[in-house]
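# could you work out the structure for the sequence below:
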Amino acid sequence: MSIVITGATGQLGRHVVEALLERNVPAGEIVAAGRSIGKLSDFAARGVQVRAMDYTDAASVAKALEGATKVLLISGSEVGQRVEQHRTVIEAAAAEGVELIAYTSIANADTTGMKLAAEHQATEAILKASGVPFVLLRNGWYLENYTDQLPGTLAQGAVAGSAGDGKVSAASRADYAAAAAAVLASAENQAGKVYELGGDHSFTLAELAREISAAANKTVAYQDLPAGDYAGLLAGFGVPRPFADILADSDLGIARGDLHVSGSDLSDLIGRPTTPMPTAVRSALAAV
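Residues are numbered from 1 along each chain as shown. Alright, predicted model coming up:
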């Protein structure tokens, strides 16, 4: 068996490789593929196969997938270019005759109206038309989307957003990675399954702000803004305006409930509770 992890140089990809090793998948059966293989040298030293792969280079993708039994297609990071990048991987997987592609989509992809979901929806359609057996890992929001911003949040004394009272079912990257590893390592046929993945306990951004306040012993409020104003605020902090607009639109999705996951697919797959938001906040604050 050979399991190829695309985008393995990214944070999620690295977590997945670690999670597979923790599940005692032999290192020689894991292929960590990414643009900069120098960043994967630590895995190579542990016996993991390391291959260069760029989503925009079809030849490198085909070479990285040689001999693959299963492929984890981690969605690309270049918003606006991802559909064709994903198509390249799916077509290479089909040509290789892989037994399964697992794709990291977005929560509630079949019902959400979020702009960020459009490329995931298009990729799911390509998978369905490809003839390759696939499983959808519809990941919710990362807790790190919030905890990585804690220094700025504390400096501003506010969590800003446009999510209103909407709840988000966020979990840690490590949680989502553990779920992907569980699916990839499973002896059970995963083809055709759809996992809606999110944290066990949803929260509002006001609840997030209150938790940060309690953990940091500093008043932090939730500042709910019109989407245009929030996008402008993000742009003022250096976020490119097109992406700032997408992030603000995603908050509107939270307000509608688009990133609320009601089931327990994530905790069921990983065999433990998901990382609670308060735990993530306190851990991140300790590292600041």
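# list the residues that contact the spatially most central residue of the chain.
Nearest to the mean C-alpha position of the chain, counting by CA atoms, centre = their mean, stands Asn139 at 5.6 Å. Going by CB atoms under 8 Å, 6 or more residues apart in numbering, Asn139 touches 104-107, 176, 197. Yep, even glycine has a C-beta here, placed from its N, CA and C like the rest.
# tell me the one of the residues you listed nearest Val98?
For these, the minimum distance to Val98 (CB to CB) is 16.2 Å, reached by Thr104.
# which outside residues touch the host helix or strand of that closest one?
Thr104 is part of strand 100-106 when elements are defined by DSSP states H and E. Identification of contacts with strand 100-106 by CB under 8 Å, 6+ apart yields 12, 69-75, 86, 89-90, 93, 112, 114, 116-117, 120, 123-124, 127, 132-140, 176, 180, 183-184, 190-191.
# what's the average pLDDT for stretch 1-21?
The predicted model assigns stretch 1-21 a mean pLDDT of 97.
# then it to CSV, C-alphas only?
Only the C-alpha atoms of stretch 1-21 are listed here, as CSV (Å, rounded to 0.1, in the frame of the first residue of the first chain):
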residue,chain,number,x,y,z
MET,A,1,0.0,0.0,0.0
SER,A,2,1.1,3.5,-0.7
ILE,A,3,-0.6,6.6,0.7
VAL,A,4,0.2,9.9,-0.9
ILE,A,5,-0.3,13.1,1.1
THR,A,6,-0.4,16.1,-1.2
GLY,A,7,0.5,19.5,0.2
ALA,A,8,2.5,17.7,2.9
THR,A,9,4.7,20.8,3.5
GLY,A,10,1.7,22.7,4.8
GLN,A,11,0.6,22.6,8.4
LEU,A,12,-2.4,20.3,7.9
GLY,A,13,-0.3,17.9,5.7
ARG,A,14,2.5,17.6,8.2
HIS,A,15,-0.1,16.8,10.9
VAL,A,16,-1.6,14.1,8.7
VAL,A,17,1.8,12.4,8.1
GLU,A,18,2.4,12.5,11.9
ALA,A,19,-1.0,11.0,12.5
LEU,A,20,-0.4,8.2,10.1
LEU,A,21,2.9,7.3,11.8
